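Asker: no FASTA, just this:
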């Protein structure tokens, strides 16, 4: 793994650092969703969880170019995020009761937390546009600029869409959990997306050779 | 969390309601009654409202005294026919209640403002 020798400002355009940056982006993309899900479970607060995740990623961005990417980057990020989450819990009086009842798993949290986050992001009480943007941002770890490009709208519009969605989750009491199969927030009959191929063709709906069933493959 | 369920309907919903036979009406009210007893423990204040033609609105402008007008605040084809305050765990539980509402029309779920 590439490292900076001088340990200087990571925002400098050093060729060695560019490689590191790509590696960091890949790790972040992979880990951000898991991290966001685990922290949301502890804090029960979307906004605070996002802040904690950003802090952890920032810490990695500062430290890894000097020390190299750790063997288990997810565990490293989780340790930093957990510490920061606990700080937040201690600081905020509203969360004191939850500190006593919250359990802090030692290892990196598994798939279940991400599933929970996915269901919250895709709750039917949010608009389809908000569901997709929130999932891309929170579960997939994409940046607002990337999401804006995908939707062909301005980044400001995406930021507003995300803010509105997060506010609604908090204000309307949308729960953080995986619903049972027969519950209202379970997407029992998913609406087909525009562009879904007619029945009889292979089932993949994209056009980018994404998977084995993709018609473009 | 506390929410208010607003039982709304369009002019068409109201017309369909008026066109019901006495027997159908009795059956509908029995269903609504059963719904209220099923969720009785979760429901606080609740009332059915008289029609929008009975409404009077007091409208405050940017200055001057408020203007009193005949008619409801919501203009157009929709109106609120009743409401129920409920106290449930989260939006999913409120949705479960709203989905089983036998009165048809539309049920709007609004979280109640609380002191933080």
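Answerer: Thanks, I have the structure now. As the structure is a prediction and not an experimental result, all values here were calculated from the model.
Asker: switch to C-alpha atoms for all contacts and neighbour counts from now on
Answerer: Noted.
Asker: what about chain A, any weak spots by pLDDT?
Answerer: The model of chain A has pLDDT under 70 over residues A:1-20, A:93-112, A:183-217.
Asker: what does stretch A:71-82 rub up against?
Answerer: Residues from elsewhere that reach stretch A:71-82, judged by CA atoms under 8 Å, 6 or more residues apart in numbering or on different chains: A:27, A:31, A:35, A:39, A:52-53, A:55-57, A:59-60, A:70, A:107-108.
Asker: Of those residues, just say which sits nearest to chain B.
Answerer: Proximity of the contacts of stretch A:71-82 to chain B, judged by CA to the nearest CA, is greatest for residue A:39, which lies at 20.1 Å.
Asker: elements contacting the longest helix anywhere in chain B?
Answerer: As assigned by DSSP state H, the longest helix anywhere in chain B is helix B:22-38. Helices and strands touching helix B:22-38, as assessed by 3 or more CA pairs under 8 Å, 6 or more residues apart in numbering or on different chains; DSSP states H and E, are absent.
Asker: quick revisit: of the contacts of stretch A:71-82, keep whichever come out buried.
Answerer: Buried subset of the contacts of stretch A:71-82 (neighbour count, 16 or more other CA atoms under 10 Å in any protein chain shown): A:31, A:35, A:39, A:52-53, A:55-57, A:60, A:108.
Asker: Just give me the closest of those to residue B:30.
Answerer: residue A:39 (47.0 Å; CA to CA).
Asker: that older thread, would you turn the contacts of stretch A:71-82 into TSV with secondary structure and distance to residue B:105?
Answerer: Output for these, formatted as TSV (DSSP: H, G, I helix; E, B strand; the rest coil; distance: CA to CA, whole Å):
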residue	secondary structure	distance to residue B:105
A:27	helix	50
A:31	helix	45
A:35	helix	42
A:39	helix	40
A:52	helix	43
A:53	helix	43
A:55	helix	47
A:56	helix	48
A:57	helix	48
A:59	helix	53
A:60	helix	53
A:70	coil	58
A:107	coil	49
A:108	coil	47
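Asker: and the two most separated of those?
Answerer: Using CA to CA, the contacts of stretch A:71-82 span at most 20.5 Å, a distance reached by A:39 and A:70.
Asker: Many thanks, have a good one.
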